Structure formats: structure tokens, C-alpha cells
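[1] Here is a sequence with its predicted model. Questions after.
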Amino acid sequence: MTEQTPMEGTPLIAPSSTDHPLHEKVVEACRSVYDPEIPVNIYDLGLIYTIAIDSENAVNITMTVTAPGCPVAGEMPGWIADAVEPLDGVKHVDVAMTYDPPWGMEMMSDEARLELGFM
């Protein structure tokens, strides 16, 4: 697990490789991982900031947690890697944890807001 800090002038959340053929499969694998304290998957909670997939199908995921003191913060990157690595075509998975920008409820999908009673 590595912690990333943005370089001066770069966006805090890097763009994802949404046009890569593996992107949707990686998203679905991320959706199979749940925050143990909240009954919503971590993707719809907005904890996955970036899914970057290179030309050799190495997957780099940048994620966060709902709070810096999250008791499973050290385990969650491994859960993500374990969910994504078995996908056909994935060469390697690296999951980096960041706290910048901090997670906020506005990062949740509409589905997550509905599930948690915020809509």
C-alpha cells in the first residue's frame, strides 16, 4: 500500500481508464467489496477515486476510506486487490490509499444514497 500525494497543479483525483475494455469488469469487482460498517459497496460509496489500466492490463487503483481512523483502512486495499486480480486479462493490481481529497457524502452514488436513506 502506498500513499499518494498530488503534484502541484495536478487534479486531486486522476481520471480513470473508462475506455479500457477491462474497466467495467474492474468496477464490478470493486462493487463486490463492502465497507463492513456500512451496507453499501465501496465503489458506490465513492471510496474508489481512480481505476487506471495501462496497455499491458496492469490495474492501479487509488482509493480512500470514509474516515482516516477507519479500523479496516489497512485491510481494504487487499480486499480490492483480491477481488480484481482474478479477473481474466488482469496482469497485476496495485491499490494505493489516499486521504486527499478527503471522502465526503457527496461522493456516493445515487444508489448508495438511496440505500442509506439519504434520498
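    Structure's in. What do you need?
[2] mind checking how far residue 20 is from residue 58?
    11 Å (C-beta to C-beta, to the nearest Å). No exception for glycine: its C-beta is placed from N, CA and C like everyone else's.
[3] mind listing what residue 79 touches?
    residue 33 (C-beta atoms under 8 Å, 6 or more residues apart in numbering).
[4] cool, residue 109 as well?
    43, 44, 45, 46.
[5] Which one's more surrounded, residue 20 and residue 58?
    Each of residue 20 and residue 58 has its neighbours counted (other C-beta atoms under 10 Å); residue 20 has more, 17 against 13.
[6] out of the contacts of residue 109, who's nearest residue 35?
    Distance to residue 35, by C-beta to C-beta, is smallest for residue 45 among these, at 6.0 Å.
[7] What degree of burial does the closest one show, as a neighbour count?
    Neighbourhood size, residue 45 [other C-beta under 10 Å]: 23.
[8] thinking again about what came up before, can the contacts of residue 109 go into TSV with extra columns for distance to residue 14?
    Output for these, formatted as TSV (distance: C-beta to C-beta, whole Å):
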residue	distance to residue 14
43	16
44	20
45	19
46	15
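[9] Give me the phi and psi for the residue nearest to the spatial centre of the chain.
    For the chain, the residue nearest the mean C-alpha position is residue 48 (2.1 Å; C-alpha atoms, centre = their mean). Backbone dihedrals for residue 48, given as degrees, to the nearest 10, come out at phi -90, psi 110.
[10] surely residue 22 meets residue 52?
    No: applying C-beta atoms under 8 Å, one finds residue 22 not in contact with residue 52, separated by 11.1 Å.
[11] can you list residues touching both of those two?
    residue 59.
[12] Report the secondary structure state of residue 52.
    Of the three states, residue 52 takes strand under DSSP: H, G, I helix; E, B strand; the rest coil.
[13] What about the closest residue to it other than its chain neighbours, how many residues nearby?
    Spatial nearest neighbour of residue 52, excluding adjacent residues (C-beta to C-beta, 6 or more residues apart in numbering): residue 60 at 4.5 Å. Residue 60 has 18 neighbouring residues, counting by other C-beta under 10 Å.
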